[in-house]
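Asker: Here is my input; please provide its structure:
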Amino acid sequence: MIGSYVAVGDSFTEGVGDPGPDGAFVGWADRFAVLLADRVPEGDFRYTNLAVRGKLLDQIVEDQVPRALELAPDLMSFCAGGNDIIRPGTDPDEVAERFERAVVRLTSAVGTVMVTTGFDTRDVPVLRHLRGKIATYNGHVRAIADRYGCPVLDLWSLRTVRDRRAWDDDRLHLSPEGHTRVALRAGQVLGLEVPADPEQPWPPLPPRGTFEVRRDNIQWAREYLVPWIGRRLRGESSGDHVAAKGALSPDDIRMRIASVA
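Answerer: Residues are numbered from 1 along each chain as shown. From the prediction side, this is the model:
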């Protein structure tokens with residue numbers, strides 16, 4: 001029985017792309033926390049989300065990990081390194097070495113540490129050329145998980161999130177349905193009975209013409225890619241002025257999910 005859960009990471013774990021009624025994000029980790037809370041007596045479950053968008057691995061380790069260790073949860077999800085990997089010039093082998101040092105520190109103090117792989121970016125414009133780099137990092141993450149007994153939330157193998165409906169308009173973050181499917185897969189990883197199959201096929205879509213695809217790509221580049229590149233050139237991060245969500249009540253999460261369903 002898992003009585004406490006702490007989530008650390010970047011925008012993926014913060015829940016960017018899955019807005020609640022007040023505009024604040026929900027995301028897979030919050031949804032997963034509800035699945036966990038449903039299996040313990042009411043009021044006996046503690047959940048804290050420390051993730052902040054845009055954070056690099058070292059920032060997560062410096063800012064979030066000490067707080068997570070203070071909370072001493074039964075379960076911790078550790079998703080880090082993705083923002084490092086997509087930056088030009090980074091070495092996935094070197095990032096993995098730093099990731100492993102963090103895992104050693106965490107597994108010595110936390111009951112269970114669940115790690116995550118990166119997504120398969122085969123069908124994602126711009127990011128598809130990073131597919132080999134992501135696959136290399138994923139191989140390291142799986143090997144590290146084997147060495148330290150960590151369950152793995154394998155996002156690369158989750159085929160249904162390759163569908164464009166699993167992604168937000170920015171094509172960098174999951175949609176509410178995408179976050180939901182990841183939460184369900186996380187439950188499966190820990191052996192929970194989940195209310196739906198994360199690999200349930202999507203309804204078929206009508207075919208898209210070449211002109212429509214090109215038009216959408218141009219609009220996406222104008223609205224999302226150019227501002228993202230601009231922030232990188234200025235040395236800015238989307239999370240520079242963002243605070244972590246902190247401790248959350250499963251009941252509050254349920255109400256926020258229900259209000260936008």
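Asker: Which parts of this protein are helices?
Answerer: Taking DSSP state H to define them, one finds helices in the chain at 11-14, 28-37, 57-63, 65-71, 82-85, 92-107, 131-148, 176-189, 210-220, 226-234, 250-260.
Asker: I'd like the ones you listed written out as CSV, with mean pLDDT and mean neighbour count added.
Answerer: To be clear about C-beta, it is placed using only N, CA and C from the backbone, and glycine gets the same treatment. Compiled in CSV, the helices of the chain are given as follows (pLDDT from 0 to 100; neighbours: other Cβ atoms under 10 Å):
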stretch, mean pLDDT, mean neighbour count
helix 11-14, 97, 27
helix 28-37, 98, 25
helix 57-63, 98, 18
helix 65-71, 97, 16
helix 82-85, 94, 22
helix 92-107, 98, 17
helix 131-148, 97, 18
helix 176-189, 98, 22
helix 210-220, 83, 11
helix 226-234, 77, 11
helix 250-260, 91, 15
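Asker: what's the closest of these to Ala166?
Answerer: Judged by Cβ to Cβ, the one of the helices of the chain that comes nearest to Ala166 is helix 176-189, at 3.5 Å.
Asker: Next, the angle helix 250-260 makes with the closest one.
Answerer: 140 degrees (axes from the mean of the first three to the mean of the last three Cα atoms, to 10 degrees).
Asker: Can you name every helix or strand that helix 176-189 contacts?
Answerer: Secondary structure elements in contact with helix 176-189, counted by 3 or more Cβ pairs under 8 Å, 6 or more residues apart in numbering; DSSP states H and E, are helix 28-37, strand 152-153.
Asker: can you redo these as JSON lines with distance to Ala68?
Answerer: JSON lines is the format used below for the helices and strands packed on helix 176-189 (distance: least, Cβ to Cβ, whole Å):
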{"stretch": "helix 28-37", "distance to Ala68": "13"}
{"stretch": "strand 152-153", "distance to Ala68": "17"}
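Asker: so which of the ones you listed gets nearest Ile85?
Answerer: Proximity to Ile85, assessed across the helices and strands packed on helix 176-189 by Cβ to Cβ, is greatest for strand 152-153 (16.5 Å).
Asker: per-residue confidence averaged over the closest one?
Answerer: Mean per-residue pLDDT for strand 152-153: 98.
Asker: who does it pair up with?
Answerer: Strand 152-153 sits in its sheet next to strand 112-116 (parallel), going by DSSP bridges.
Asker: Ok, which of the helices and strands packed on helix 176-189 comes nearest Ala244?
Answerer: With Cβ to Cβ as the criterion, Ala244 lies closest to helix 28-37 of those, at 11.4 Å.
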